[in-house]
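Undergrad: Whatever this is, show me its structure:
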Amino acid sequence: MSQNAKLQGTTISTKSEFGKFGMKDKFGYLFGDFGNDFFFILVASFLMVYYTDIFHLNPAAVGGLFLVARLWDAVADVSWGRFIDTRKTGKNGKFRPWILRMSFPLVICGVLMFVHIPGMSNGFYTAYAYVTYILWGTLYSTVNIPYGSMASVITADPVERTSLSSWRTLGGNLAGLIINVVGPMILFVNNKADANHFLLGAIIFGVLAISCYIACYKLSVERIVMDESAKPKVNFGKTVKGLVKNKPLLWILLSSLIFLVCFMLIGAVNVYLFKDYFGNAHALSMVGLVQSIAVFIGMPMVKPLVAKFGKKEVASAGVLLAAIVYGVLYLLPNLTATQFIAILSIGTFGYGLFNLIIWAFVTDVIDYHEYLTGLREDGTVYSIYSFARKVGQAVAGGVGGAAIAAVGYNPALQAQTQSTLQGLHTLGTLVPGIILLVVFVIISFLYPLNKKRTVQLAIDLAEKRKSLH
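TA: The predicted model follows:
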């Protein structure tokens, strides 16, 4: 016997075979981003140096590729989000089947990105990079959009959604731990990028990614199921009006876009900063380890901190801490790699807190969209958020490549000039500090859903659903 509570086109299933929300769901959701980030972090951290040092492409040209590809991905995200929202829920759920179906072509394409055919022309390498990278990004949308949308149908509890956000971030950081710590040891030989080792790394991470996607599919449960008979007809005009009026969504889009610019820029520049400025590419392993440890320390702190102070309040404090640390690092140019990493660890803890909470912001703005419009459009709203992240990645890729070229980086040189090294240091310290300060201002002073208003939103939405029952 099952009991269902119908909530304005939504049915919360309480079938006994589903079971209550618990650790199984958290691990299932963790595995999704664990799988995603095996390639996402590999690409974010090392694809540019692969293209510049193995394909011998100009850094500015690589930045142009990243810009074009990410802008295309942003369109693909929204298109796929609308597509998912028009699909009916099957016996295995609405989102889970797509994660399983599309994960295999995604991983295969990811491995193909790191195939190097020796002796080909610059034009061939450029074309090959464009085709494989853009195709990979498109396939990434087909897995990531249903995965991200799934959070809001696993549980309706706002506090547990914050917990899911933290577990998702933990999954990504576990992948980051493996790639950023083990990756440099595999990918670089004698402080230089090695084509065969990059392909080996891609294959290893691809196998791990597939395993994680399967675990996500097996362990996750979609409890909140749309009642198709009561589901309102798709009204794109109403959706757009709701999105425009959704101020929490607009500000979280902008702050996420800017944060992603910073995060991707740091990932791209760090490889050159440690390889050339500090002369120690393997020190990147320690950076990856420190980043993961910061998240592991922050994760058990997030839920009690958010419960006491609120998502907005904790996230903004973390970003401010990170901005201050990067400013301090800029003022200390003569640090050793070890000293740099020791101070950096404080900053990574700060923006790690923001990363642990950000996905819970998204579920709040999805709820706010339903409150404004009466439409439950998880896939569409999430894809709009993902659109902003892809634009951020596009900007970071374009700006990152152009900036590295602008400071004079030349892969043909055995050692970079002093002005280039100083430029890399500025790109890796001062620039992230300024960007993170802007994110702090947006979250603190412009994003409207503080702790009190978030609690009230949950109450108001429940009452609105009840009145429409």
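Undergrad: Could you tell me how many residues sit around residue 383?
TA: For residue 383, the count of nearby residues is 28 (other C-beta atoms under 10 Å). No exception for glycine: its C-beta is placed from N, CA and C like everyone else's.
Undergrad: need the contact list for it.
TA: Contacts for residue 383 (C-beta atoms under 8 Å, 6 or more residues apart in numbering) come out as 77, 78, 80, 81, 82, 84, 145, 149.
Undergrad: Ok, residue 310 next?
TA: Shown in contact with residue 310 (C-beta under 8 Å, 6+ apart): 450, 451, 452, 454.
Undergrad: hang on, the earlier thing: which among the contacts of residue 383 gets closest to residue 194?
TA: Residue 194 lies nearest to residue 77 out of the contacts of residue 383, by C-beta to C-beta, at 33.4 Å.
Undergrad: quick one: secondary structure of the closest one?
TA: The local conformation at residue 77, judged by DSSP: H, G, I helix; E, B strand; the rest coil, is helix.
Undergrad: oh, and call the first residue 53 from now on, that's how I've got it
TA: Will do, 53 is the new start, and the previous item becomes residue 129.
Undergrad: hmm, back to that, top of the contacts of residue 435 by number of neighbours, please.
TA: Counting neighbours by other C-beta under 10 Å, residue 197 comes out on top of the contacts of residue 435 with 31 neighbours.
Undergrad: Would you write out the PyMOL command that picks the buried residues out of the contacts of residue 362?
TA: Provided next is the PyMOL selection string for whichever of those are buried by 16 or more other C-beta atoms under 10 Å:
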select buried, resi 503+506
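Undergrad: so residue 134 makes contact with residue 430?
TA: No. Residue 134 is not in contact with residue 430 according to C-beta atoms under 8 Å; the separation is 11.8 Å.
Undergrad: from the chain's centre, how far out does the longest helix along the chain sit?
TA: What stands out as the longest helix in the chain, according to DSSP state H, is helix 389-425. Relative to the centre of its chain, helix 389-425 is centred 10 Å away, using C-alpha atoms, centre = their mean, to the nearest Å.
Undergrad: Ok, stretch 248-257 next?
TA: 22 Å.
Undergrad: Return the set of buried residues in it.
TA: Residues of stretch 248-257 classed as buried: 249, 250, 251, 253, 254, 256, 257 (neighbour count, 16+ other C-beta under 10 Å).
Undergrad: Let me have these in JSON lines, extended by distance to residue 174 and secondary structure.
TA: Shown next, in JSON lines, are the buried residues of stretch 248-257 (distance: C-beta to C-beta, whole Å; DSSP: H, G, I helix; E, B strand; the rest coil):
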{"residue": "249", "distance to residue 174": "22", "secondary structure": "helix"}
{"residue": "250", "distance to residue 174": "19", "secondary structure": "helix"}
{"residue": "251", "distance to residue 174": "20", "secondary structure": "helix"}
{"residue": "253", "distance to residue 174": "24", "secondary structure": "helix"}
{"residue": "254", "distance to residue 174": "22", "secondary structure": "helix"}
{"residue": "256", "distance to residue 174": "29", "secondary structure": "helix"}
{"residue": "257", "distance to residue 174": "27", "secondary structure": "helix"}
